[in-house]
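Undergrad: need a structure here:
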Amino acid sequence: MKQLLNIFKILLPFVFSIGILWWMYRELDWKSVLTMLQATHWGWMFISLLFGIVPLVLRALRWKIALQPLQEQPPTRICIDAIFVSYAASLVIPRVGEITRCGTLKNYAGTSFSKALGTVVAERMIDALLMLLIAVLALCLQLPQFLSFLQSTGTNAHDILAQFTSTGYIVTAICIIVGIGFAIFLLAKVPFFQRGKDKMRGFLDGLSSLRHLRQLPLYLLYSIGIWVGYFLHFYLAFFAYESTSHIDIMAGLLSFSAGTFAVLVPTPNGAGPWHFAVKTMLVLYGVAQAPAVLFALVVHTIQTALVILMGAVGWADLFNLKKTL
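TA: Prediction:
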């Protein structure tokens with residue numbers, strides 16, 4: 001029974017993701033995907049992909065700083081590889097990346113698993129705070145322009161709401177419920193770390209490591225750099241397509257925030273909820289339904305391919321490193 005439950009927990013995110021994707025793309029002419037790929041300005045896309053790698057490297061550097069007060073000094077190379085592999089692992093089982101990266105550091109650098117996991121939880125708290133600040137900032141700065149856009153185009157709130165089908169409202173509600181349910185599930189799992197006083201102590205040490213950082217300004221700088229990189233990874237992709245190249249940076253920031261919150265729903269790389277959120281924001285900013293849907297599909301696919309590629313690079317480097325140990 002327990003094994004069936006574990007299988008269900010693994011399969012559910014995939015089923016949920018596939019369900020949303022099927023609903024969004026059930027009437028798509030797949031030839032249009034090839035047409036859009038051919039119309040891609042690959043120079044802009046390549047620059048966008050570079051900014052997809054930068055945050056992963058900054059995460060590794062920030063992680064090293066968090067581990068220093070705990071007397072842990074893993075090599076930068078292994079930290080970077082661990083981050084690369086963890087993101088790819090989360091494509092298979094959502095949110096397993098945190099466990100994967102800590103396990104990688106334990107296996108290849110002898111770092112305490114519980115301490116490493118504590119620092120990961122601490123950095124997730126910092127990331128959540130920054131994500132919330134970005135969303136509030138984007139909403140406050142963009143609200144006047146957004147209202148002005150609606151007024152100049154003669155669009156009112158009723159017209160916007162009319163663009164959503166009943167299924168769209170249902171999908172939105174399900175995403176919110178699943179996201180909240182996943183947060184409750186994580187909180188319920190906290191007692192897992194209470195198995196053994198040493199493990200619990202190591203976890204709490206990692207969680208409180210931020211209070212003893214020797215390079216706090218650099219840690220904060222890396223944290224900001226991570227989110228700037230994420231945003232540029234998303235926003236620069238707009239310039240790869242004529243249909244989205246007109247979207248200004250603040251509209252892009254608000255769209256980025258919507259997509260970021262959608263990724264909190266535990267599906268592989270946010271597939272499904274991210275597509276829905278980004279498509280919705282693009283439509284609200286005047287992008288036609290068809291190119292908005294195609295943009296979400298093509299860009300997410302390319303960015304997911306990058307995650308797979310970097311995961312393969314990290315795994316290959318760890319494999320070579322293991323042979324030298």
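Undergrad: what's the distance between residue 45 and residue 37?
TA: Counting by CB to CB, to the nearest Å, the separation of residue 45 from residue 37 is 10 Å. Bear in mind the C-beta positions are built from the backbone N, C-alpha and C, glycine included.
Undergrad: and the two? which has more neighbours close in?
TA: Neighbour count, other CB atoms under 10 Å: between residue 45 and residue 37, residue 45 has more, with 19 against 13.
Undergrad: What strand or helix carries that one?
TA: helix 42-67 (DSSP states H and E).
Undergrad: In that helix, which residues are buried?
TA: Within helix 42-67, the residues scored as buried using 16 or more other CB atoms under 10 Å are 44-45, 47-49, 51-67.
Undergrad: so where is the stretch 1-150 of the chain shaky, pLDDT-wise?
TA: By pLDDT under 70, the weakly predicted segments of the stretch 1-150 of the chain are 1-10, 12, 16, 145-150.
Undergrad: again, only this time at 80
TA: 1-24, 26-27, 94-95, 142-150 (pLDDT under 80).
Undergrad: show me where it has helices.
TA: Using DSSP state H, counting those that start in this stretch, the helices of the stretch 1-150 of the chain run over 2-25, 31-38, 42-67, 76-92, 97-109, 113-152.
Undergrad: any chance of those in a markdown table, plus distance to residue 239?
TA: Formatted as a markdown table, these follow (distance: least, CB to CB, whole Å):
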| stretch | distance to residue 239 |
| --- | --- |
| helix 2-25 | 24 |
| helix 31-38 | 14 |
| helix 42-67 | 4 |
| helix 76-92 | 24 |
| helix 97-109 | 29 |
| helix 113-152 | 19 |
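Undergrad: so of these, which one's packed in deepest?
TA: Neighbour counts (mean count of other CB atoms under 10 Å) averaged over each of the helices of the stretch 1-150 of the chain peak at helix 76-92, with a mean of 22.
Undergrad: Tell me what angle that helix forms with helix 97-109.
TA: 150 degrees (axes from the mean of the first three to the mean of the last three CA atoms, to 10 degrees).
Undergrad: So residue 224 sits against residue 131, correct?
TA: No: between residue 224 and residue 131 there is no contact under CB atoms under 8 Å: 12.0 Å.
Undergrad: before we move on, back to that, which strands and helices sit next to the helix holding residue 45?
TA: Helix 42-67 sits against helix 76-92, helix 113-152, helix 216-235, helix 289-324, with contacts defined as 3 or more CB pairs under 8 Å, 6 or more residues apart in numbering; DSSP states H and E.
Undergrad: Might you report the residue contacts of residue 65?
TA: Taking CB atoms under 8 Å, 6 or more residues apart in numbering as the criterion, residue 65 is in contact with 213, 214, 215, 218, 219, 222.
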